[in-house]
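A.B. asks: okay, here's the prediction I keep looking at, along with the sequence it came from:
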Amino acid sequence: MKRKDMLGLDGVSREEITSILDTALTMRQVVRSNNKKTSHLQGKSIVTLFYENSTRTRMSFELASKYMSAAAANISASASSVAKGETLIDTGVTLDQMGTDVIIIRHPMSGAPTLLAKHVRASVINAGDGMNEHPTQALLDMLTMREHLGGLEGAKVAICGDVMHSRVARSNIYGLTAMGANVVLCAPPTLIPTRIEELGCTVAPTIEDACEGADVVMGLRIQRERQQKGLFPSVAEYCDHWEITPERLALAKKNALVMHPGPMNRGVEIASSVADCEQSVITQQVESGVAVRMALLYLLTRKGVQSV
């Protein structure tokens, strides 16, 4: 991998994505083994720097580091010098001078990982920046899809929910379209970004249209913490028109996959009976997340010259 950083999937080629996913397949064997220990990152230091809360992403990166024998440390912004007013760049330079090889950052501001990457020698992985991108989530989603579908070329992927505030949606659009999939979005008009179709996806007028013939139906969490009031009348009305229900899932292909990046608002964007149905691969997405993050850490600690 010729890249120093993984900042997003915008502009990443099919070949590069395929290489990451193929490497993740190998790493998944480690995750599933009884002896989850390799020497791939022995002698390397990995730091997670999170300015927002996280369970799945943070834990999977920490486990990925430890499974490959790296020296792993985590920093919570609220318990660090950030709380005293230290800037992102100063924090990054400090970590750089300590010999850190990879900094994994989650930040509420779009573009923060890119800014950090310009000021440190360490590789930077974007673990989610504002409403911009969440590349590792999209990669783990694609790994899960590819295993079940056999490939992504021509697959119809319906993404339903709060697209406006979703960095997951944006990274999936970039990644899936690069892999030849057809991405269809559905949400209330107030939760669809303007000109989103320019990214290569389409917008369905109803969730029924989006689910019709879909290979994958993915829900997105309604991110109330990022919303201003008035984007939809009420949760009850949202559910009536946009929730992924068994009846709407039945419009998709017989064995269509049910996915969600988590955490879920059960009974809001997705019914519990759908989240827990036989077609659901939501728990497998979590496993794929560890494998994908192991793959990225391994590939980025080889020599790199270019940021994504």
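C.D. replies: Structure's in. What do you need?
A.B. asks: contacts only, for the residue most central in space within the chain.
C.D. replies: Nearest to the mean C-alpha position of the chain, counting by Cα atoms, centre = their mean, stands Gln137 at 1.7 Å. For Gln137, the contacting residues are 57, 128, 167-168, 171-172, 261, 289, taking Cβ atoms under 8 Å, 6 or more residues apart in numbering as the criterion. (C-beta placed from N, C-alpha, C; glycine too.)
A.B. asks: just to be sure, it is in a helix?
C.D. replies: Yes. With DSSP: H, G, I helix; E, B strand; the rest coil as the criterion, Gln137 is located in a helix.
A.B. asks: helices along this protein, start to end?
C.D. replies: 14-32, 56-67, 88-97, 112-117, 135-149, 167-178, 207-211, 235-242, 246-249, 272-275, 282-300 (DSSP state H).
A.B. asks: give the buried residues for the last one.
C.D. replies: Residues of helix 282-300 classed as buried: 282, 284-300 (neighbour count, 16 or more other Cβ atoms under 10 Å).
A.B. asks: determine the set of other helices and strands touching that helix.
C.D. replies: Contact here means 3 or more Cβ pairs under 8 Å, 6 or more residues apart in numbering; DSSP states H and E; on that basis helix 282-300 packs against strand 3-5, helix 14-32, helix 56-67, strand 123-129, helix 135-149, strand 257-259.
A.B. asks: report all helices and strands that the third one contacts.
C.D. replies: When you say that, I think you mean helix 56-67. By 3+ Cβ pairs under 8 Å, 6+ apart, helix 56-67 packs against helix 14-32, strand 45-50, strand 71-76, strand 102-107, strand 123-129, helix 282-300.
A.B. asks: name the residues that touch the fourth one?
C.D. replies: With contact meaning Cβ under 8 Å, 6+ apart, strand 102-107 is reached by 44-52, 54, 57-58, 61, 88, 92, 95, 112-113, 116, 120, 122-130, 297, 300-301.
A.B. asks: dump the residue contacts of Ser39.
C.D. replies: Each residue near Ser39 by Cβ under 8 Å, 6+ apart is listed here: 68-69.
A.B. asks: Met68 versus that one, what's the distance?
C.D. replies: Relative to Met68, Ser39 is positioned 7 Å away (Cβ to Cβ, to the nearest Å).
A.B. asks: cool, and Leu149?
C.D. replies: Relative to Met68, Leu149 is positioned 28 Å away (criterion: Cβ to Cβ).
A.B. asks: also Ser54?
C.D. replies: Distance, Ser54 to Met68, using Cβ to Cβ: 20 Å.
A.B. asks: break the chain into its domains for me.
C.D. replies: Split into domains by automatic domain parsing, the chain comes to 3-132+286-307, 135-285.
A.B. asks: need these in CSV (columns: mean pLDDT).
C.D. replies: Formatted as CSV, the domains of the chain follow (pLDDT from 0 to 100):
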stretch, mean pLDDT
domain 3-132+286-307, 92
domain 135-285, 94
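A.B. asks: now for Phe50, how many residues are close by?
C.D. replies: Applying the criterion other Cβ atoms under 10 Å, we find 20 residues in the vicinity of Phe50.
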